[in-house]
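Need a 3D model of the sequence below.
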Amino acid sequence: MPALSNSIFGNSIFGFSALDLARIQFGFTIAFHIIFPAITIGLASYLAVLEGCWLKTNNQAYKDLYHFWLKIFGVTFGMGVVSGLVMSYQFGTNWSGFSQYAGSITGPLLAYEVLTAFFLEAGFLGVMMFGWNRVGPSLHFFSTIMVAIGTLISMTWIIASNSWMHTPQGYEVVNNVLIPTDWLAIIFNPSFPYRLAHMGVAAFLATALFVGASGAWQLLHKKDNPAVRKMLSMAMWMVLIVAPIQIVIGDFHGLNTLKYQPAKVAAMEGHWENQAGEGMPLLLFGLPDMQAEKNHFEVAVPNIGSLILTHSWGGQIKGLKEFAPADRPNATIVFWTFRTMVGLGMLMLLLGLYSAWLRYKKQLYTSRLFLRFATYMGPAGLVAILAGWLTTEIGRQPWVVYGVMRTSDGVSKHAVSSLALSLGLFVIVYLFVFGIGIAYVLRLVRIGPTPHEGDLPVDGGPGEGRQQMRPMSLPEEPLQTDTPSRANKDKS
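Numbers count the residues shown, from 1 in each chain. Predicted structure coming up:
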């Protein structure tokens, strides 16, 4: 690392170049952004299920849960929109080279998201948030479904754009600019279905863990009611069903990555070179050293790596030494972010199986060990999403469009000092603004669902009768305008 006096006023700050700072800035802003859409994607569908169950069964617990989680959905949705706007500006400010080179492909994909998903969400969000007592039940339920579909469509376009950057196809280079030639090939690129399924299930799983943790926390603190029990039960069913599905999807996604980005998989596994006649071990622990091209303190299980990656006992994949040093991703980071994601996934599976056993023993709502476990696992889904995203994006390096454009060619020509200043401002503002938002969400979670929340009051106000669900509807019975005491007084 260069000396302080040279690094601040030279081409780097504390050893970080303009490219490093631009990547850190984008990584910091998207790390904040990704957790909010992940929660809103899951919560929107959860709200649709809750309202559908309430309409079908008229069970008050579903209604109470709907109003409780609707408030949290509104806050996270707003923070997701605000943080997403910042990211779109960064494509022009910090990554103008990439925007100029590939903007004819990524730009329309993001525009399609606005034209389909964002307009759909905007059109029905107001009815969903504020129309419970103003429109009929069918229209309100339809609005909730439309918002849920909108979040899924939004995810689809974003994943299509990101997946194309990993497995680009359907383009040609004209005058040093990428020109789309086949939009179906661009959208449905080789990694798109695996990434879409992996991210969608991750959003549902993260939401289930968040909802389950809320219910478990309430029960630990003696706040037991039908809505809390229903919330925990639904969440644990979701974890039990979805966690094994995610593991299977992850396996298919890994095989697809091995086919199109073998250097990333080698970095994820800390695999430097093959030994003749030997299978590939599975590293449980190790400290990859990019300079020495080896791992320190390895703890490995022989041949299991081959079994997972090649589905054969002695299969081999390319080691990092078979790639030029300039084409290798940072194995030191990718190795551990990948294991963080996988380790949390195993804990999710354990939580689901544990909940099934306790449900069978009729102890799901009373086992304090389980309730603590579920509470601690609340943020696990979001942490796993962040770890998986870091694995995917850092593992793609040094390419911004894999095999087509290097990240160093896509960054804008900014001074190091300007990027350092803007990064510092982002950190301060984000921690303050979104810190307040997250604290507010956690406060709502701590309060928990309120029984009969959202019910209309029997008396709308002084001298007024009961307010109707639909403004233009008439009451089923004549309103009693006078109280008995006032009627007696008039007679006298």
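
Quick one: neighbours of Leu431, just the number.
12 (other C-beta atoms under 10 Å). (C-beta placed from N, C-alpha, C; glycine too.)

and the residue nearest to Ser99 when sequence neighbours are not counted, what helix or strand is that in?
Closest residue to Ser99 apart from its sequence neighbours, by C-beta to C-beta, 6 or more residues apart in numbering: Phe91 at 5.1 Å. Assigned by DSSP states H and E, Phe91 belongs to helix 60-93.

in the very next helix or strand once past that helix, what counts as buried?
Counting by DSSP H and E, the element after helix 60-93 in chain order, helix or strand, is helix 96-113. By 16 or more other C-beta atoms under 10 Å, the buried positions in helix 96-113 come out as 96-99, 101-103, 105-106, 108-110, 112-113.

Save the residues you listed as TSV, and put in pLDDT and distance to Thr407 too.
Converted to TSV, those look like this (pLDDT from 0 to 100; distance: C-beta to C-beta, whole Å):
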residue	pLDDT	distance to Thr407
Ser96	89	13
Gly97	90	10
Phe98	91	8
Ser99	90	13
Tyr101	92	12
Ala102	92	12
Gly103	90	16
Ile105	93	17
Thr106	91	15
Pro108	91	22
Leu109	92	19
Leu110	88	19
Tyr112	90	25
Glu113	88	23
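
so which of these comes closest to Phe68?
Glu113 (29.2 Å; C-beta to C-beta).

is it true that the closest one touches Ser154?
Yes. If you go by C-beta atoms under 8 Å, Glu113 and Ser154 touch, sitting 5.5 Å apart.

Can you tell me the element the nearest residue to Phe373 once chain neighbours are set aside falls in?
Spatial nearest neighbour of Phe373, excluding adjacent residues (C-beta to C-beta, 6+ apart): Leu351 at 6.2 Å. Using DSSP H and E, Leu351 sits in helix 331-360.

Repeat that for Ala300.
With DSSP H and E as the criterion, the answer for Ala300 is strand 294-301.

Touching that strand from outside, list them.
Residues outside strand 294-301 that contact it (C-beta atoms under 8 Å, 6 or more residues apart in numbering): 270, 272, 281-289.

now with 10 Å?
Residues from elsewhere that reach strand 294-301, judged by C-beta atoms under 10 Å, 6 or more residues apart in numbering: 270-273, 280-289, 307, 320-321, 331-332, 335.

Drop the exposed ones from those and show what's left.
Buried, going by 16+ other C-beta under 10 Å: 270-272, 280-283, 286, 288, 307, 320, 331-332, 335, out of the contacts of strand 294-301.

ok so, going back, turn the buried residues of helix 96-113 into a markdown table, columns for distance to Ser355.
Converted to a markdown table, the buried residues of helix 96-113 look like this (distance: C-beta to C-beta, whole Å):
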| residue | distance to Ser355 |
| --- | --- |
| Ser96 | 50 |
| Gly97 | 49 |
| Phe98 | 45 |
| Ser99 | 47 |
| Tyr101 | 49 |
| Ala102 | 45 |
| Gly103 | 47 |
| Ile105 | 44 |
| Thr106 | 41 |
| Pro108 | 44 |
| Leu109 | 39 |
| Leu110 | 39 |
| Tyr112 | 39 |
| Glu113 | 36 |
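
What is the nearest of the residues you listed to Arg195?
For these, the nearest to Arg195 is Leu109 (13.6 Å; C-beta to C-beta).

Was I right to think that closest one contacts Gly170?
No. Judged on C-beta atoms under 10 Å, Leu109 makes no contact with Gly170 at a distance of 11.6 Å.

okay, and the common contacts of these two?
164, 180, 183, 186-187.

Give me the below-cutoff pLDDT ranges for this structure.
Residues of the chain meeting the criterion pLDDT under 70: 1-10, 12, 453-492.

Show me where the protein has its strands.
Counting by DSSP state E, one finds strands in the chain at the ranges 171-174, 177-180, 282-289, 294-301, 399-401, 405-406.

Distance check, Ser104 against His33.
From Ser104 across to His33, the span is 24 Å (C-beta to C-beta, to the nearest Å).

what's the answer for Leu232, then?
Counting by C-beta to C-beta, the gap from Leu232 to His33 is 29 Å.

Just want to know which of the two has more residues nearby.
Leu232 (25 against 21).

so how far is Gly215 from that one?
In terms of C-beta to C-beta, Leu232 sits 3 Å off from Gly215.

Equivalent analysis for Arg339, please.
Applying C-beta to C-beta to Arg339 and Gly215 gives a distance of 29 Å.
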